[in-house]
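> Sequence first, then the predicted structure, then my questions.
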Amino acid sequence: MIHSLFLVNSSGDIFLEKHWKSVVSRSVCDYFFEAQERASEPENVPPVIPTPHHYLISVLRHRIYFVAVIQSEVPPLFVIEFLHRVVDTFQDYFGVCTEAAIKDNVVVVYELLEEMLDNGFPLATESNILKELIKPPTILRTVVNTITGSTNVGEQLPTGQLSVVPWRRTGVKYTNNEAYFDVVEEIDAIIDKSGSTITAEIQGVIDACVKLTGMPDLTLSFMNPRLLDDVSFHPCVRFKRWEAERILSFIPPDGNFRLLSYHVSCQNLVAIPVYVKHNITFREGSSQGRFELTLGPKQTMGKGLEAVIISSQLPRGVLNTNLNPSQGTYNFDPVTKLLSWDVGKINPQKLPSLKGSMSLQAGASKPDENPTINIQFKIQQSALSGLKVNRLDMYGEKYKPFKGIKYMTKAGKFQVRT
Amino acid sequence: MTDSKYFTTTKKGEIFELKAELNSDKKEKKKEAVKKVIASMTVGKDVSALFPDVVNCMQTDNLELKKLVYLYLMNYAKSQPDMAIMAVNTFVKDCEDANPLIRALAVRTMGCIRVDKITEYLCEPLRKCLKDEDPYVRKTAAVCVAKLHDINAQLVEDQGFLDTLKDLISDSNPMVVANAVAALSEIAESHPNSNLLDLNPQSINKLLTALNECTEWGQIFILDCLANYTPRDDRESQSICERVTPRLSHANSAVVLSAVKVLMKFMEMLPKDLDYYGTLLKKLAPPLVTLLSAEPELQYVALRNINLIVQKRPEILKHEMKVFFVKYNDPIYVKLEKLDIMIRLASQANIAQVLAELKEYATEVDVDFVRKAVRAIGRCAIKVEQSAERCVSTLLDLIQTKVNYVVQEAIVVIKDIFRKYPNKYESVIATLCENLDSLDEPEARAAMIWIVGEYAERIDNADELLESFLEGFHDESTQVQLQLLTAIVKLFLKKPTETQELVQQVLSLATQDSDNPDLRDRGYIYWRLLSTDPVAAKEVVLAEKPLISEETDLIEPTLLEELICHIGTLASVYHKPPSAFVEGSRGVMHKRLPARTGSGESTESPDVGTAAGGSAPEAAPSIIPSQGDLLGDLLNLDMAPPTTSGPPPPTTGMQMGGMDLLGGGLDSLLGGDLGGSPAMGAGFGAAPAVMPASLNAPVGGGLGDLFDLGGGVGMPMGAYIPPKIVWLPAMKAKGLEISGTFARRAGVIQMELILTNKAMSIMTDFAIQFNRNSFGLAPAGPLQVLTPLGPNQTIEVSLPLSTVGPVMKMDPLNNLQVAVKNNIDVFYFSCQYPISMLFVEDGKMERQVFLATWKDIPNDNESQFQIKDCHLNSDAASSKLQGSNIFTIAKRTVEGQDMLYMSIKLSNGIWVLAELRVQAGNPNYTISLKCRAPEVSQCVFQCYEAVLKN
């Protein structure tokens, strides 16, 4: 199982180590640093690195490498999933997961890590159980603790730990009972030169924020459940009921959680909400290149495109650009060759464009590669796949909760080749 | 107020200050002090000096303080075992606390204190906790058994904890079941043959019930455990599959992949005509696709596994090609894996799409990725016959881009295409020849030369082209030199009249001026072939070559089956069986897919036939023999076939064989036997006989060289020296290859190294260092490499060793970890030395002392071994062993059996006594070893075996 954990910052210093079995010397990380040096970009460090006696499995989050050391045959996904859970927990506790935050809370971090793994076996990873065991630091509590001498560590066995619903604690009480669900879809797509779609898929999630008293039992039904044929559920969802009736039935965890994630890959269900007209040319023997880009909305179901940002990695040969945006601001970094254009909202009557010239290194041959254009955008109040929640019902408790559903679509990895 | 304040006190008297605070009367001050101590610990500072003071804080009712002290204890108890005993009482008391949280915490912490002395005190509390009324305590105790087993396995067995643990599998609480399974699985890993997890239908049923109710991590343990079960029949297998399928929709990807493993394995048993079989196939695709939308690290592991699944059951993902299309900002390791899977999924139906994508990738920025993409086009051509023409035209388009590395890569793959479809696409040769001048990589040059030689009769100026390469012959790499030699010989055989001069030139270049043995050998063989029988030469050199096929980059079926059983594990990421790399796995059991039962077997497609058989890979006549085959080498198939991606393979058999030849096999080579290759053997066997008549002077000179070499390698009499083996392959050490052996010469232990620089740059500033090891070996002087080591240069060094270095017990005992530094980097490798080099010269014991000592050593310390197939008589054996400082003290003959009594003294003063029984006519010896330190027996036995058989 998981032997040790090292946290490494972007400058290559180990700033925290934790051993669950015998102590592994931090020199084992030398193999990791070697791989890090070889990688051209920080994210290109391979996730599994063999060393003579150990394996190093790492994830990169918030510019911190979480390097787990294992000695025997352990499923790597198990380790990676666990590391992600560690990151999520830190973020949950401290608001941000940065080196400074971890150092500021080092004792809590240590207590948490000790509680999450025992001898390398996961012990408690559910955030609500952990929060009962170790209270998250808040300014108020710190003050109270210093005055009264009480501690951050819970004295009681967490109630959820052994129940059939380990994700929910008992005795939850709220004065305002509310349940909010956010349907968020991200569209990943590759569009080729001529504007036709090569691949497009939607990754959707339903994130919930449930603050309900007692032990509510919820059911959520959809207008069009047939869209959801590839889903992953939170453990609270009753799978049998879904199989039989296509209804989500569950006792929710307390607070924020991801109820389900789904994947729509069938091409004809994926509408492409934006198009790009582009003309990026370099001429042989000339030190100038042309750059023209126009954006427009496509199938957006009547909703507007917002927060549009265009970015593109221009070829190395480009020295500088002289472009003119019809709206928004653009920026070109001559060192990284990264062009970014913050467009803002797209007005269908007046399509935004970015036109101008690029200056190339004099005398160099024309660049071999074609830049790819990356688009980010948001569409409020609409799920691109058309998924719609039908109704939400609550059983098991008497009060009337306040319910809310929000839809949003974002661009994931939306790329246009030129 | 944040914890960062704990880091700030880095002044001189820090430890002193902390000590004072720890002993303070105020609770709050104490707690703050412990927090400071923990903070120092996390950043790797040594605060072990505070041990007694921290332990004093343990008796407290403040849970946080208690936890912090426990944290500290776990870290430092090992270094202060005597002090740790002080804490035992508190632990035992806490194990009886009314609060289950404290009981669990105590038993958990005790297990983490890895001190032998404490373990005995742990047994009673642990036994109680395993039967605790609170499941939280039970589940914690279950894990504790695994911890204890890690520290003292014997104790766990003696105390009967394993049986208690097995009982916990039937516990009413799913979390306890999951932890018991996890603990048993971990224990079973170090006991491959014990029947710890004997699964039967009843226990399987319990596991499946627990599966639905336990946490995600517990589900992983249970699924991995289920995967080891072999159902009795297809009905049982189907019912397990049905109960496992819901796990495919779990949000935790590790659960999903473990479920996929169980399903992939049990599917084997389902009849193919069953409806459920088809349903299951359909259900497997979506979760695998979903894994690809996760974080890149998860994607990588998923892709490595999908690679296996696609090879085993291509039908699952055949419609999902598009999800493997590369996004330009994927990390490179994801890109390369996706590319590999794209090729595996390529079929006639989707090839147009795939080619368009690959062509797109060929214009990306990352050079490595572009090369792989170009190679992928070639592999598609070889895989999908109907698409070959499109692939060739795509490659030609890419050549037109004139991007240097794209052109070179394209030429290399076009050569492969020629080998798959001979005489079909020669029309492109003209285009290829236009780019001749831009080729600067050896592989591309070699490929181009091969093409010119192969199609010499259709290229008008083939002789001119080859001649132009010949000008810089000495500067070329070996690969190009070999290829050029063969190509010119082919040309000569095809157009003998105009090219006689050229062939003579190349033969003399290869045989006289080259110091590369491969090149010389090949030169001689061609020379002799041409001069004795040109017709035979034609038959050999221009023989029809076997076609290459895409199977060259498939994983061999038996290995694939084993890997399918290991989906989701490290083995599946490395595509190697666990036995190949898991450390300390004593005889890992090879897992097999279960055989299909029921009807329908005869109607199955061949791929399932092999799967069901479990062995007997399909005969594939068109596959090239393995790379190291010498015959294949002669037929100049030595260019590597397209290789699969993934981590580099370990030292191949070919390299090892090569080293063996140099290490003393040369005289046998001259005797006429060369590694069992009939063609080569025959060629050489004939050589000495006809040499004076038909070979001219330079050839004789060359052979003389060989004889010289043979003499140089001759073994000095005396101690046995194992042949040199490669310790550090060049690809692991940025071009530095180290091979070597150990020897004892005149009482001095020497490490004999051969350093070879296979990189392009000069290496200097060599230094060497050893890790602490069992016998305290350490370099007695610096590594004497005074001159810089140029590219392709080799240097032999011998390093005297002393045995006065720091000692640490290694596993295996004779393991030595070495670090070698040069101007480029520091490299680490480990090697094993024969323990015989530690046998000192004054190891002959007095007879009386021997007898007394033999009796004195308890019989438990005696171990017996068999040495098989040794044909020496006892005297010869005795004198041979004497050379390695194994001294015969007495000899006795009883009923035709010679008993030899021997003594050995190790450099650290350990005596080993031995009794060797030799029966005339029986090649099997029996040896009994007695020693006060029985750990060394195994190593000593290995020495016996090595010495006697060499």
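Now that the structure is in, tell me what you want to look at.

> for chain B, what spans make up the strands?
Along chain B, counting by DSSP state E, strands occupy B:725-728, B:736-745, B:748-757, B:767-770, B:778-779, B:794-802, B:815-821, B:826-832, B:862-867, B:887-894, B:897-905, B:911-919, B:925-931.

> Who does B:Phe839 form a beta bridge with?
B:Leu906 (DSSP bridges).

> same question but for A:Ala68, I mixed them up
A:Leu5, A:Ile57.

> contacting residues for the nearest residue to B:Lys128 once chain neighbours are set aside?
Leaving aside its sequence neighbours, B:Lys128 sits nearest to B:Cys95 (CB to CB, 6 or more residues apart in numbering or on different chains; 6.7 Å). In short, each C-beta sits where N, CA and C put it, glycine included. With contact taken as CB atoms under 8 Å, 6 or more residues apart in numbering or on different chains, B:Cys95 is in contact with B:103, B:106-107, B:110, B:125, B:128-129.

> before we move on, the earlier item: Throw the strands of chain B into JSON lines and include distance to B:Leu281, mean neighbour count and mean pLDDT, thanks.
Output for the strands of chain B, formatted as JSON lines (distance: least, CB to CB, whole Å; neighbours: other CB atoms under 10 Å in any protein chain shown; pLDDT from 0 to 100):
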{"stretch": "strand B:725-728", "distance to B:Leu281": "45", "mean neighbour count": "20", "mean pLDDT": "83"}
{"stretch": "strand B:736-745", "distance to B:Leu281": "47", "mean neighbour count": "22", "mean pLDDT": "84"}
{"stretch": "strand B:748-757", "distance to B:Leu281": "51", "mean neighbour count": "20", "mean pLDDT": "85"}
{"stretch": "strand B:767-770", "distance to B:Leu281": "55", "mean neighbour count": "16", "mean pLDDT": "85"}
{"stretch": "strand B:778-779", "distance to B:Leu281": "60", "mean neighbour count": "16", "mean pLDDT": "86"}
{"stretch": "strand B:794-802", "distance to B:Leu281": "55", "mean neighbour count": "16", "mean pLDDT": "84"}
{"stretch": "strand B:815-821", "distance to B:Leu281": "47", "mean neighbour count": "17", "mean pLDDT": "85"}
{"stretch": "strand B:826-832", "distance to B:Leu281": "45", "mean neighbour count": "16", "mean pLDDT": "84"}
{"stretch": "strand B:862-867", "distance to B:Leu281": "51", "mean neighbour count": "15", "mean pLDDT": "83"}
{"stretch": "strand B:887-894", "distance to B:Leu281": "69", "mean neighbour count": "14", "mean pLDDT": "82"}
{"stretch": "strand B:897-905", "distance to B:Leu281": "63", "mean neighbour count": "21", "mean pLDDT": "85"}
{"stretch": "strand B:911-919", "distance to B:Leu281": "61", "mean neighbour count": "21", "mean pLDDT": "84"}
{"stretch": "strand B:925-931", "distance to B:Leu281": "57", "mean neighbour count": "20", "mean pLDDT": "84"}
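
> got a markdown table for these, with distance to chain A too?
Converted to a markdown table, those look like this (distance: least, CB to the nearest CB, whole Å):
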| stretch | distance to chain A |
| --- | --- |
| strand B:725-728 | 11 |
| strand B:736-745 | 15 |
| strand B:748-757 | 19 |
| strand B:767-770 | 13 |
| strand B:778-779 | 19 |
| strand B:794-802 | 21 |
| strand B:815-821 | 7 |
| strand B:826-832 | 6 |
| strand B:862-867 | 27 |
| strand B:887-894 | 36 |
| strand B:897-905 | 30 |
| strand B:911-919 | 28 |
| strand B:925-931 | 27 |
